[in-house]
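S.K.: let me see the structure of the following:
(2 chains)
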Protein chains: 2
Amino acid sequence: MAQEAPRKQKVVIVGAGPVGSLAALYAAARGDEVELYELRGDLRDPTTIPLNFTKSINLALSERGISSLKGSNRHCMIENILKDAIPMHGRMIHGRDDGKLWEAAQAYDVHGQAINSVDRGTLNNAFLDELERTPNVKLFFNHKLTGADFHSNRAWFERRAPGDTPLPGSSNRVPEIEVSFDYLIGADGAHSASRYHMMKYSRVDYQQEYIDTLWCEFRIPPSDSGGFRISPNHLHIWPGKEFMFIALPSPDKSFTCTLFAPAAHYVQLESSSQKLVESFDTNFPGVCPDLITPEALQEQFKENPHLPLISIKSRPHHYDSNVVIVGDAAHAILPFYGQGLNAGLEDVRVLFEFLDKHSAYDLNASLEARRESRRTAFQAYTDQRTADAHAINDLSKQNYLEMRWGVKTPLYKIRKSIEEMLDLHVPSLGWKTQYARVSFSTQRYSDVVKVARRQGRILGYGLASAFISSIAVAGVLVWKTPSRFSPLPILQMTIGLLSETWTQILPKRS
Amino acid sequence: MAQEAPRKQKVVIVGAGPVGSLAALYAAARGDEVELYELRGDLRDPTTIPLNFTKSINLALSERGISSLKGSNRHCMIENILKDAIPMHGRMIHGRDDGKLWEAAQAYDVHGQAINSVDRGTLNNAFLDELERTPNVKLFFNHKLTGADFHSNRAWFERRAPGDTPLPGSSNRVPEIEVSFDYLIGADGAHSASRYHMMKYSRVDYQQEYIDTLWCEFRIPPSDSGGFRISPNHLHIWPGKEFMFIALPSPDKSFTCTLFAPAAHYVQLESSSQKLVESFDTNFPGVCPDLITPEALQEQFKENPHLPLISIKSRPHHYDSNVVIVGDAAHAILPFYGQGLNAGLEDVRVLFEFLDKHSAYDLNASLEARRESRRTAFQAYTDQRTADAHAINDLSKQNYLEMRWGVKTPLYKIRKSIEEMLDLHVPSLGWKTQYARVSFSTQRYSDVVKVARRQGRILGYGLASAFISSIAVAGVLVWKTPSRFSPLPILQMTIGLLSETWTQILPKRS
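M.R.: Next up, the predicted model:
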């Protein structure tokens, strides 16, 4: 008996940012009919204003993101994304002591690996161009998700004419369209409408928190000769106890900068232009007027929005076999580990690995059988990925403190030096810093946290034992040796060694 | 110059449950034009199916709720609510030892105060009848909030014909109406649409959590002679380590009962009717067949929904001077302290106390000046009430453990006895149990937690000192007295006293 070929599976994806776009490529490669709906206009159109941004900020792309991009097998697109990327091999810490400016480089990795500064616009363009070349993907801009029924698998979108204000419930609504699907992927960001509708079906434990920090974007222009004003291969940090100013290189030789500070401090800075310049001079020495003129600083602070930072945890990340959420929709994280984009892209890789593993893309199976497989795959994705999302969420919070403060403390540097020495000289140990595991591997985030904790304990014991045994040895020497043997030379030697270590650990100031 | 009377203030309230209704009465009493919008049909109409319920459950009304009702000055309405209320003076714990059923009463309050079992329908009817008699309140049923703009203070509602399915985004939508307001009160429950729209304007820290417990409602019918089958003046508890079955009296001499159990246990019970009856016999001795027939038990378990329990914390509870949330919309809490309704009604009292205090209802002031005052009042409400909401949220979670397990432990009973003794015999100390403070006072929840912790520490020190000084005295007697003095009689006396105390503390089994 001739078997009828089963109809193709239809996937609706909400959100055409990098994460939703990558999901569309993964689904299309597996034979699905893909429809990708985006609230905003075509992101390649320069008149389209990205939500919440006056301009797009730079993104940090590292190993997890890149390996997830590679899973799409779109080599040409990946080349386009990476050709304008600027590798950052480490942090450059800026400061001033006794009136003298200094900068100190801290390599991210003892093997020389780097994270990449990528322009959000470049990334979006590369994705959307690639999607347009893919026959089984349809793109819909200016479509707002207004409702979803995850029993009958239907969603409703409002089509908004370009230029309409996105006022909720405004009377210039055009009629909605109804779209059916086999499953829906929600990739519509921290304020996800997909997640909101999913939460009417799935019992989601959900937590969102605004930290007491606002951010505002600035720009360091190229130098008069058209070059970079500071090292292009570093992520520049002006740390402070409560503030932080960072700068990432852009292909046009400018730097995209961000000021992070408590809301109360923003209120102070908003009170007068002079306060802003003074605060920069006090907290971020060498930025103004050296890199940005006072006029530009004041203008940008006035023009660019002062935006909050949200942190979101949710579990589960799916409902039955009908909807799954990825990226910021599932787990908005603070930007301080540079992992937001990477975690979102990795969601897509992990999700489709589970779908493949559980035969949800076995094209010979009936749609019904594939639905069963998909349910299992979604559950596996939730189980693995919520643990990892929670882990990178916590790490990103902790890293804010490290970036602002920890990078300058001796203890941080001691641990970094010892760990890097072990990694470099005793590779068989598999010893790596937490930063290297997060940024230069695809080890699960939750495993990174476990391993880093274990390494911390071992180092703690090691240092403590070394200290105690030194004391013990000194004690034995003092009490047991004939009095003509003085312990003094040994103490002197120890102090000499410690001071040598100290010198090695201190930043090399230029 | 003759001054023009300022126009009346218009308040939109979303949700016509008890909390929204009480807010309408408070606002109307202060001269506002009040519009009250309810998603469901008229709750007095027996064909209106309450959301999430097959039938309404009984509610526990205690001091906070009653004093907040009294703030409306609608004495006739309050009388109507309370005339059918059944006072519950304490818990009745049920169990079985050595094959013999027992029950043990634990009074809630040493002064005989009681909480009241109130029928949700009675409460709704009383409120809605009263609102209809109030000229400056307009009621709108079958209106669903679909959007809100809290800058221009407009909201949009879908009018749904009675009987329409509440499908999100369904195509049988009727055109929306636009409603403007001076301020909006969101009283639309745990899944509040008001809160959802407010969160687009206000930076809300928000947390929702489903506990691993489902609930299902049962009914113990009146006895054949038409009376109550068990004591009507107790809240009956069949405690268990993981389960709990409770029964509250109803005016028709039946009991409304609730089974609480982990989701995994529900799956087991759903697998066979026999398992259900067996589980009741094992875990809740004396319920089936003594109070409910096996047939009724099985039928009710099959017919009545198995529902989750959600716990919600949010902060702030307002945005600017434009919107404020109250009741479950602001802080859904677990039902185990019987405080959900009371906390919601108290929100209304506290909110309007702040509005009065900050002159937001000074009818001689301009609407602009009143708006400024309202902003201050809303902020004060958030500051006070979020702390209290978080406190009762935590207490309600802890009380689940106490109700299932703690009520049977000696330590719980010792503390309860000592505290009640201090309250009764040394009233000048102001010593009260935590339960009495929560249920029979209007002390702030957050203060109750602080005082209870302090009392706990004092009791701990007290008991420890008593113990240590007894040991010390015994030691002195043993070592220092001439050997013809034996410490034995003293030890015997101590043991006798302890065993007497124990007997007093153990439940009086009938």
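S.K.: and the pLDDT for the one residue in the stretch 301-450 of chain A that gets nearest to chain B?
M.R.: Closest approach of the stretch 301-450 of chain A to chain B (CB to the nearest CB) occurs at A:Pro308, with a separation of 5.4 Å. C-beta here means a position set from N, CA and C on the backbone, and glycine is covered the same way. Looking at A:Pro308, its pLDDT is 92.
S.K.: and it, which of the three is it?
M.R.: Assigned by DSSP: H, G, I helix; E, B strand; the rest coil, the conformation of A:Pro308 is strand.
S.K.: can you check A:Asp224 too?
M.R.: coil.
S.K.: which residues touch it?
M.R.: By CB atoms under 8 Å, 6 or more residues apart in numbering or on different chains, the contact set of A:Asp224 is empty.
S.K.: now the residue of the stretch 301-450 of chain A closest to chain B: how far from A:Asp224?
M.R.: Computed as CB to CB, to the nearest Å, the A:Pro308 to A:Asp224 distance reads 36 Å.
S.K.: quick one: neighbours of the spatially closest residue to A:Met199 that is not a sequence neighbour, just the number.
M.R.: Distances taken as CB to CB, 6 or more residues apart in numbering or on different chains place A:Tyr206 nearest to A:Met199, at 6.9 Å, with adjacent residues excluded. When neighbours are defined as other CB atoms under 10 Å in any protein chain shown, A:Tyr206 has 17 of them.
S.K.: given the helix or strand where A:Tyr206 lies, what are its sheet partners and their directions?
M.R.: Using DSSP states H and E, A:Tyr206 falls within strand A:205-220. Note on strand A:205-220: by DSSP bridges, its sheet partners are strand A:255-261 (antiparallel), strand A:307-315 (antiparallel), strand B:205-220 (antiparallel).
S.K.: now distance to A:Asn116 too, for those strands, in a markdown table please.
M.R.: What follows is the strands paired with strand A:205-220, written out as a markdown table (distance: least, CB to CB, whole Å):
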| stretch | distance to A:Asn116 |
| --- | --- |
| strand A:255-261 | 14 |
| strand A:307-315 | 22 |
| strand B:205-220 | 33 |
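S.K.: most neighbours per residue, which of the ones you listed?
M.R.: Of all those, strand A:255-261 carries the top mean neighbour count, a mean of 23, counting by mean count of other CB atoms under 10 Å in any protein chain shown.
S.K.: for the helix or strand that it is followed by, name the packing helices and strands.
M.R.: Next in sequence after strand A:255-261, counting helices and strands by DSSP H and E, comes helix A:263-271. Under the contact criterion of 3 or more CB pairs under 8 Å, 6 or more residues apart in numbering or on different chains; DSSP states H and E, helix A:263-271 touches strand A:205-220, helix A:273-283.
S.K.: what's the closest of the ones you listed to B:Val34?
M.R.: Among the helices and strands packed on helix A:263-271, the nearest to B:Val34 by CB to CB is strand A:205-220 (31.8 Å).
S.K.: sheet-wise, list the partners of the next helix-or-strand element following that closest one with their directions.
M.R.: As assigned by DSSP H and E, the chain's next helix or strand after strand A:205-220 is strand A:234-239. Using DSSP bridges, the strands paired with strand A:234-239 are strand A:90-97 (parallel), strand A:244-249 (antiparallel).
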